[in-house]
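Colleague: Just a sequence and a predicted model for now, questions to come.
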Amino acid sequence: MKLSCVLTPRAALLAALLLTTIPNPLCAQPSGGPYGPQARHYDVPATGRVFFVAPDGRPEADGAALDRPTTLAAAIERVATGDTVVLRGGTYRTGGLVLSQGVTLQPYADERPVLKGTEVAAEWEKVADGRWRTKWTKLFPAAPADWWRRDRHEKLTPLHRFNNDMVFVDGVLLASVGKLDDLAPGTFYIDYENAWIYLGADPAGKMVEITAHDSALVRTMGTAHGKPNDRRGATLRGLTFTQYAYRALEIEGVEPGRKMHPDEFGKEVVGSTFEDVTISFCSRVAGYFHGDGIAFRRCLIADCGTEGIYVVNSGDIRIERCIVTRTNSAEKITGYFASAIKIFNQSYRAVVRDNLILDNPNASGVWWDVGNVDGVFVDNWVERTNDGFFFEISKGAICAGNVFVDCDRGIHVLNSSNVRIYQNTLWNSVVKIERTERSAVGDHFGWHPSAGPDVTERHGHVFLNNLLAADANFRGPLLFVTQSEKVRDRLADAQLAALDGNAYVRRAGTQAQPLLSWGPVPPKNDTVDLADLAALRKLQPAFEASGRALPDYEGPLFASPELKRFELQPDFPLRRVAVPLPAEAEKALGRPAAAAGLPGAYPPR
């Protein structure tokens, strides 16, 4: 099957990008690691100025030698482009640092520096049975964003959850309550008017830490400490940031207030790098990141309130071999559209490759949100997440070689164009491709939808050689291709340009369920459920000529879904269902045309 005819000029551009920016992996699938921060020995640089810092360093010390460490804050004030800050191991209770220079921050040797946004609360008084309190003036009251719909969500998300204060007892995050009468063990209450923090259990003999800093480090696009922005991103290696009231890190940048050309933004700070970095327990996000050329490698992002990595209007981003987990798991904020990784507002050529996106049941996995162009999502493992790969109101993406396990929607394409989906494995995770009437006219978020494809341009998707499988407890279609009733009079064209080579498997014992939900279907251009591929072929004769379905199947399938081994067994009967792939897919997957035939993320063994 020749598919070059279905690739748009934008798709061809992305194919060229893949030839130059994605290394050819040994095989198409999650690599198996290592993922997240790796223990390393960090040598002191032999060139450039070096500032040694320590938790007990003295601000007046010059920091020029290991035995004369200064403080981290003092070093940040002194560094200039090309310098290195070497951090001794231990806990740095610090925050509000501002940097305008392209410098490096790294550990000394194999030591472990930890930057904390909390301070220890040691003075408590008992005020009643089951209640203790302390005075605390470093408070961070907050309110939901103005677009949050209180009438819809306040019953599930009381307003006190939007405050950014956190309390930890022996490292365990407590839950906030909205009034003193609700105080109980494992919770805290804040009287903001009188600056009291109350606990519902005796803190004696325990370490109580309370947020005292809004952020750890902000890379400004302005002037800091008398030095103008050099436009060079900092490099952070081997550091841990935890317990910050809002976000640990931020890279500032111009945020478009309209649809803009990419030459107009992303140039204020270029080339920021994060390697083997851990960020955890930030009340809102791990960090906001602006600027072209940002790279995250082997980072761990965990237990943040609404987002982990939040990239805004930036180009050529790479996120590789990171672990992002438990986003929005503590506060479970509703109506706030949380996401483990969010790529937002006209970001170009973001590559998310070979990461673990785990246990985000109250958030999306990786969400390209509004006006983004040419995304790449390859070889990732996504498990227990609302929308694993979510591409919304954006143009052009490749989603290939990924494994989705127990996600509400493994792949979700909404109001977008030209998304190419190749060789993914989905277990108990549906695929949903949909379009609605949403536009910039009267939209709750103003101009933002105008940065993506218009209502009549939301098509051109390709869906080839994917394996959609479900156990006997799974209900509903495996593939949804739908549109809202409000566009039936305007949109009669198919959303997909190609659909073939896919395998659909339901384990034996499943009650009769539709295989697909499909729209538009003439004459009313609505969405209907289809029992099998034969019903689809009657509507769309060009689709799934090679695709096959096993609706009540007892035979060999995966090596062991119980052990999360989703390689196909050698005698799986649909091993020759897949069709040849276009060049861009082969490059993304590292899989030659000769290997075609096997659906899903794993190549033949």
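Modeller: Sure, I can see it. Numbers count the residues shown, from 1 in each chain.
Colleague: Count the neighbours of residue 494 for me.
Modeller: Using other CB atoms under 10 Å, residue 494 has 19 other residues around it. Placement of C-beta: from N, CA and C, glycine included.
Colleague: Tell me if I'm right that it and residue 540 touch.
Modeller: Yes: if you go by CB atoms under 8 Å, residue 494 and residue 540 touch, sitting 6.5 Å apart.
Colleague: Which parts of the stretch 51-200 of the chain are strands?
Modeller: 84-87, 90-93, 97-99, 104-107, 113-116, 118-120, 125-128, 131-135, 167-169, 172-173, 175-176, 187-191, 196-199 (DSSP state E, counting those that start in this stretch).
Colleague: Mind checking what helix or strand follows the last one in sequence?
Modeller: Using DSSP states H and E, the helix or strand that directly follows strand 196-199 along the chain is strand 208-211.
Colleague: For the very next helix or strand once past that next one, the averaged confidence score.
Modeller: Where DSSP H and E defines the elements, the next helix or strand beyond strand 208-211 is strand 217-219. Averaging pLDDT along strand 217-219 gives 98.
Colleague: contact partners of strand 217-219?
Modeller: Outside strand 217-219, the residues that touch it by CB atoms under 8 Å, 6 or more residues apart in numbering are 76, 97-100, 233-234, 248-252, 269, 272.
Colleague: buried sites along the next helix-or-strand element following it?
Modeller: Next along the chain after strand 217-219, taking DSSP H and E as the criterion, comes strand 235-237. Using 16 or more other CB atoms under 10 Å as the test for burial, strand 235-237 gives 235-237.
Colleague: And stretch 199-218, by the same measure?
Modeller: 199-201, 203, 208-218.
Colleague: Please identify which pair of the residues you listed lies farthest apart.
Modeller: 201 and 218 (35.1 Å; CB to CB).
Colleague: circling back to that earlier point, do you know which of the strands of the stretch 51-200 of the chain lies nearest residue 308?
Modeller: Per CB to CB, nearest to residue 308 of those: strand 172-173, 15.9 Å.
Colleague: what mean pLDDT does that closest one have?
Modeller: Strand 172-173 comes out at a mean pLDDT of 98.
Colleague: same deal with stretch 119-131?
Modeller: If you average the pLDDT values across stretch 119-131, you get 96.
Colleague: Report the helix or strand with the lowest average pLDDT across this structure.
Modeller: Lowest on mean pLDDT, DSSP states H and E among the helices and strands of the chain sits helix 9-21, with a mean of 43.
Colleague: first vs last residue of stretch 36-51, how far apart are they?
Modeller: Taking CA to CA, to the nearest Å, stretch 36-51 runs 27 Å from one end to the other.
Colleague: Ok, stretch 270-280 next?
Modeller: End-to-end for stretch 270-280, by CA to CA: 25 Å.
Colleague: now stretch 76-92
Modeller: OK, stretch 76-92 end separation, CA to CA: 14 Å.
Colleague: you'd agree residue 324 is in a strand?
Modeller: Yes: according to DSSP: H, G, I helix; E, B strand; the rest coil, residue 324 belongs to a strand.
Colleague: which residues does it bridge with?
Modeller: residue 301, residue 357 (DSSP bridges).
Colleague: Can you verify my assumption that it contacts residue 357?
Modeller: Yes: taking CB under 8 Å as the definition, residue 324 is a contact partner of residue 357 at 5.4 Å.
Colleague: returning to that earlier point: between the buried residues of strand 235-237, which is closest to residue 296?
Modeller: residue 236 (10.1 Å).
Colleague: quick one: pLDDT of the closest one?
Modeller: pLDDT, read off for residue 236, is 99.
Colleague: before we move on, back to that, just the buried members of the contacts of strand 217-219?
Modeller: 76, 97-100, 233-234, 248-252, 269, 272.
Colleague: Could you double-check that residue 314 sits in contact with residue 252?
Modeller: No: if you go by CB under 8 Å, residue 314 and residue 252 don't touch, sitting 11.7 Å apart.
Colleague: Quick check: neighbours shared by the two?
Modeller: residue 290.
Colleague: quick one on the thing from earlier: hey, what's in contact with both of residue 324 and residue 357?
Modeller: In contact with both residue 324 and residue 357: 340-341, 365, using CB under 8 Å, 6+ apart.
Colleague: what ranges of this structure fall below the confidence cut-off?
Modeller: For the chain, the stretches flagged by pLDDT under 70 are 1-28, 444, 593-596.
Colleague: Repeat the analysis, applying 90 as the threshold.
Modeller: In the predicted model, the chain carries pLDDT under 90 at residues 1-29, 129, 145-147, 155-156, 255-260, 336-337, 440-451, 508-512, 590-597, 603-605.
Colleague: Nice, that's everything, thank you.
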